[in-house]
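>>> Sharing a model prediction with you, sequence too.
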Amino acid sequence: MLSIRTVVSIFVIAAAPIATQVATAQAATDLVCSQCVSNSDIANEAVGSAKIVDGSIKSADLAANAVKATNINASAVTFNKLSPGIRDQLDGAVASISFTKVSAMEEGGTADVACPEDKLAISASCDCDDSGVGYNVGVLRSCLVVGDGALASCSVDAFWFNPLLEEPLAYVEAVCMGAVSSDGTPLVLTPAGFAAFNANSADAGNEAEQTATWRKEQHDAFEAAKAEQQRERADLNRRIRARYPDYDDRSAFRE
């Protein structure tokens, strides 16, 4: 029969290896967790902006309508916090519009003006002037915005025509519109309208060529319209002069 001392000794010897195998906590290094942390697991304001890497949150990470206007402080979203794609679009956005007037009064019955290269002709005002002496009274035949400018055409008034006087003076004033982008760069005119030109873009050469071609087409249309107006005006004046070749004193005719 074993003594009490012997039993206690056996228990101690048997328990010793069990005590040496107690598990200790270790951090997992190969854990993959997708959507295992929900909003309810995070305390309010626990994740501050200092804990978020710039550009790490994308549209796909946000639920539809998750961010509302009431969640964004005034002036909290600055330009640099926007995505590169949005910044590129805003860089080309129109920030301000300016208007410039150009005008001319010319002899010969026609007058024309061209807008500056970075501006678009949007309207024209025209008149015919006899200046009170030396010129026939004029009748406005056309007042056009064509291509990159505007033109006026005047014909002599057949009723008041005096063959000893010069053709009426023509006056034209064009209103030209320009635009500046949000980054301060003047926008250029393209076939699609005002646009920002990026000389460093991959397609810059093609864009510049297309714009130059379009600008030439606009100027050619302006020159063609001017030549047509001059031709029509000259033809009308020729017919008037043929009708009254030597008639200086029109008083009898007026009576």
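On my side now, so go ahead.

>>> where in the stretch 101-250 of the chain is pLDDT low?
Low-confidence segments of the stretch 101-250 of the chain (pLDDT under 70): 132, 192-193, 195-204, 244-250.

>>> Helices of that one, start to end?
Taking DSSP state H, counting those that start in this stretch to define them, one finds helices in the stretch 101-250 of the chain at 204-243.

>>> separation between residue 112 and residue 130?
Separation of residue 112 from residue 130 (Cβ to Cβ, to the nearest Å): 20 Å. Bear in mind the C-beta positions are built from the backbone N, C-alpha and C, glycine included.

>>> ugh, wrong one, I meant residue 85
For residue 85, the distance to residue 130 (Cβ to Cβ) stands at 60 Å.

>>> more neighbours, those two?
Here residue 85 and residue 130 are set side by side on neighbour count (other Cβ atoms under 10 Å), and the busier one is residue 130, at 20 against 8.

>>> The more buried one and residue 154 touch, don't they?
No - in terms of Cβ atoms under 8 Å, residue 130 does not count as a neighbour of residue 154; the distance is 9.7 Å.

>>> Now for the two: what residues contact both?
Common contacts of residue 130 and residue 154 (Cβ atoms under 8 Å, 6 or more residues apart in numbering): 138, 168-169.

>>> can you put those in JSON lines and add neighbour count and distance to residue 68?
Conversion of the shared contacts of residue 130 and residue 154 to JSON lines gives the following (neighbours: other Cβ atoms under 10 Å; distance: Cβ to Cβ, whole Å):
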{"residue": "138", "neighbour count": "24", "distance to residue 68": "64"}
{"residue": "168", "neighbour count": "25", "distance to residue 68": "66"}
{"residue": "169", "neighbour count": "22", "distance to residue 68": "64"}
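
>>> Tell me the one of those residues nearest residue 77?
residue 169 (57.5 Å; Cβ to Cβ).

>>> quick one, what contacts that closest one?
Taking Cβ under 8 Å, 6+ apart, one finds 105-107, 111, 128-131, 135, 138, 154 in contact with residue 169.

>>> Buried ones in stretch 102-118, by neighbour count?
Neighbour-count burial for stretch 102-118, with 16 or more other Cβ atoms under 10 Å as criterion, is recorded at 102, 104, 106, 109-115, 118.
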